[in-house]
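1. okay, structure incoming, though there's no sequence with it:
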Ligand SMILES: [Zn+2]
């Protein structure tokens with residue numbers, strides 16, 4: 001894992017600082033994926049820093065781990081990979097997490113992050129599937145899925161609701 005970085009960059013003003021503000025807080029365990037069937041966790045302890053330029057305190061961040069996240073980006077991608085061809089609930093079960101975790105990861109990782117031009121690149125024709133979902137206690141959401149061109153045998157798979165249990 002290497003030595004800790006000596007300095008951190010202030011998220012408020014961008015200045016580099018070496019002033020560790022106070023004692024580090026407790027260790028955090030973040031999920032990093034599965035290797036030969038075993039869950040791998042990283043133990044991290046972000047240090048609080050104090051920025052001499054703008055006089056604000058901030059907490060160190062690590063590459064590949066978003067602030068407050070209990071999973072690395074790689075760990076999140078593994079959770080999402082279990083969604084292929086199955087339901088949100090099944091994917092959650094396979095990962096040993098709650099449905100809400102998978103839903104949050106999905107929202108953070110996928111929604112709004114795939115530009116339309118990239119999604120449609122290389123397609124000679126486009127068939128869109130438009131679906132309305134409403135998560136319990138949340139706003140109505142409309143998803144637009146590109147369904148074609150896909151081989152006929154794939155159509156059945158695509159006809160299943162992308163997120164069962166939300167109707
Ligand atoms: Zn600053």
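-> Good, I have the coordinates. Everything numeric here is computed off the predicted structure, so don't read it as measured data.
2. which residues touch residue 93?
-> Residue 93 makes contact with no residue, according to Cβ atoms under 8 Å, 6 or more residues apart in numbering. Every residue, glycine included, has its C-beta placed from N, CA and C.
3. helix or strand: which one has it?
-> helix 88-95 (DSSP states H and E).
4. the inter-axis angle of the next helix or strand after that helix versus helix 88-95?
-> Going down the chain from helix 88-95, the next helix or strand is helix 99-109, by DSSP H and E. If you take axes from the mean of the first three to the mean of the last three Cα atoms, to 10 degrees, helix 99-109 sits at 100 degrees to helix 88-95.
5. report the buried residues of helix 99-109.
-> 99, 101-103, 105-106 (16 or more other Cβ atoms under 10 Å).
6. same question, stretch 51-67
-> So for stretch 51-67, counting by 16+ other Cβ under 10 Å, buried means 51, 58, 60, 65.
7. contacts for it, please.
-> 5, 8, 10-13, 15, 17, 19, 21, 30, 42, 44, 46-50, 71-74, 108.
8. so which of the residues you listed are also by the ion?
-> Contacts with the ion within the contacts of stretch 51-67, counted by Cβ under 5 Å from the ion: 10, 12-13, 15.
9. most neighbours of all those, which one?
-> residue 10 (19 neighbours; other Cβ atoms under 10 Å).
10. you'd agree that residue is up against residue 18?
-> No - counting by Cβ atoms under 8 Å, residue 10 does not reach residue 18; the two are 11.4 Å apart.
11. wasn't residue 13 part of a helix?
-> No - assigned with DSSP: H, G, I helix; E, B strand; the rest coil, residue 13 falls outside any helix and is coil.
12. so, low pLDDT: which residues of this structure?
-> 1-4, 24, 110-130, 132-167 (pLDDT under 70).
13. now, the buried residues of stretch 51-67 that are in helices?
-> Residues of the buried residues of stretch 51-67 located in helices (DSSP state H): none.
14. from the contacts of stretch 51-67, list the buried ones, please.
-> For the contacts of stretch 51-67, a burial check counting by 16+ other Cβ under 10 Å picks out 8, 10, 17, 21, 30, 42, 44, 46, 48-49, 71-73.
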